[in-house]
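K.L.:
build me a model from this:
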Amino acid sequence: MANEQFKTTIGGQALIEGILMRGPEKQCIVVRGPEGLVVKEEKLKLIKDRYPLLGLPLIRGSVTFLDSMVKGVKALMFSADYFPEEAGAEEPSRFEQWLDKKLGNEKMEKAVIALSVVMAVCFSIGLFMLLPTFLASFVERVTDSVLVRNLVDAVLRIAIFMTYMIAVSRMKDIRRTFSYHGAEHKTIFCYEKGLELTVDNVRMQSKHHPRCGTSFLLIVIIVAILINTVIFSLFPVDNVFLRMLVQLLLLPLVVGITYEFNRYVGGHDNPVTNFLARPGLWMQNFTTFEPDDSMMEVAIEALKRVIPAEKGKDQW
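P.N.:
Just a heads-up that it's a prediction; the model follows:
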């Protein structure tokens, strides 16, 4: 590999004892199972290739986000199959047995994936967006100032989000998954620097990556705060539930703007973009930990398998 630095579009996701790497042509899941590494490769089928309209700026953000969530849940379910269950695990309930009998394994899996994605989206929106707006409405008993209400809403959003991330990062199993997240970042950095993909070379790299997908959530919250502040300052809405509805309607725009922001910041290297990337890098202190050698081996194997044969095809 030539020692030539560049920015790659290859990205990844930490799994249960494994990593998903996604390149321009295919994705690869590598899990460290009881008997060694388990590898699953598959070609990517992008919806924007079938419907070019969905690949346009501002629209592609929501499409890409949902597509990544679906593929991510599938990968997590795959990795969970190789994660040893605790002794004394309960047998499937009658309801689960009935679903399996009626739907079959394949339909059952699709139903679980769809339900998981819907629940994850609803949980995130409810906890990080709607709940702060509802709680901020109580300041109206003290003041009629829209500015104060918007400020309290913004502070609550950031506080709830950071409290949640810090609490989750302290969980033992999640912390190990976040270490795989660090292995993913280090391996991509090593590849972008044109170094040979070895554990020694990967170990030297930073675990903080400016194009981290999990930083996306923090930027979504910041963009939502800015848009909501402008909208509700220009067009005050007194009813808290109506404000929630407006936020839901604005969400695709928020995600679209955030996606374009991340693409721009990730594709440029200058004082301005480096400054804009700092909030996401700071948040990685809670979502990315140092990996051990075995984790880096998994990340290296996954990355090698998604590097395109045509040089430069994964150029950012």
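K.L.:
could you point out which element follows whichever strand or helix holds His181?
P.N.:
Assigned by DSSP states H and E, His181 belongs to helix 172-192. Going down the chain from helix 172-192, the next helix or strand is helix 199-203, by DSSP H and E.
K.L.:
re the thing from before, report the rounded mean pLDDT for the helix holding His181.
P.N.:
Helix 172-192 shows a mean pLDDT of 94.
K.L.:
can I get that helix in PDB, CA atoms only?
P.N.:
Extracted in PDB, the C-alpha atoms of helix 172-192 (Å, rounded to 0.1, in the frame of the first residue of the first chain):
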ATOM      1  CA  LYS A 172     -19.600  -3.100  31.200                       C
ATOM      2  CA  ASP A 173     -20.900  -4.700  28.100                       C
ATOM      3  CA  ILE A 174     -21.500  -1.400  26.300                       C
ATOM      4  CA  ARG A 175     -18.000  -0.200  27.200                       C
ATOM      5  CA  ARG A 176     -16.500  -3.300  25.500                       C
ATOM      6  CA  THR A 177     -18.600  -2.500  22.400                       C
ATOM      7  CA  PHE A 178     -17.400   1.000  22.500                       C
ATOM      8  CA  SER A 179     -13.800  -0.400  22.500                       C
ATOM      9  CA  TYR A 180     -14.600  -2.100  19.200                       C
ATOM     10  CA  HIS A 181     -15.800   1.400  18.100                       C
ATOM     11  CA  GLY A 182     -12.300   2.600  18.900                       C
ATOM     12  CA  ALA A 183     -10.800  -0.300  16.900                       C
ATOM     13  CA  GLU A 184     -12.900   0.800  13.900                       C
ATOM     14  CA  HIS A 185     -11.700   4.400  14.100                       C
ATOM     15  CA  LYS A 186      -8.000   3.500  14.500                       C
ATOM     16  CA  THR A 187      -8.100   1.000  11.600                       C
ATOM     17  CA  ILE A 188      -9.800   3.600   9.200                       C
ATOM     18  CA  PHE A 189      -7.200   6.200  10.200                       C
ATOM     19  CA  CYS A 190      -4.400   3.700   9.500                       C
ATOM     20  CA  TYR A 191      -5.900   3.000   6.100                       C
ATOM     21  CA  GLU A 192      -6.300   6.700   5.300                       C
END
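K.L.:
contact partners for Asn262?
P.N.:
Arg211, Ser215, Phe216, Ile219 (CB atoms under 8 Å, 6 or more residues apart in numbering). Heads up, the C-betas are built off the backbone N, CA and C, glycines and all.
K.L.:
pLDDT score assigned to it?
P.N.:
pLDDT, Asn262: 87.
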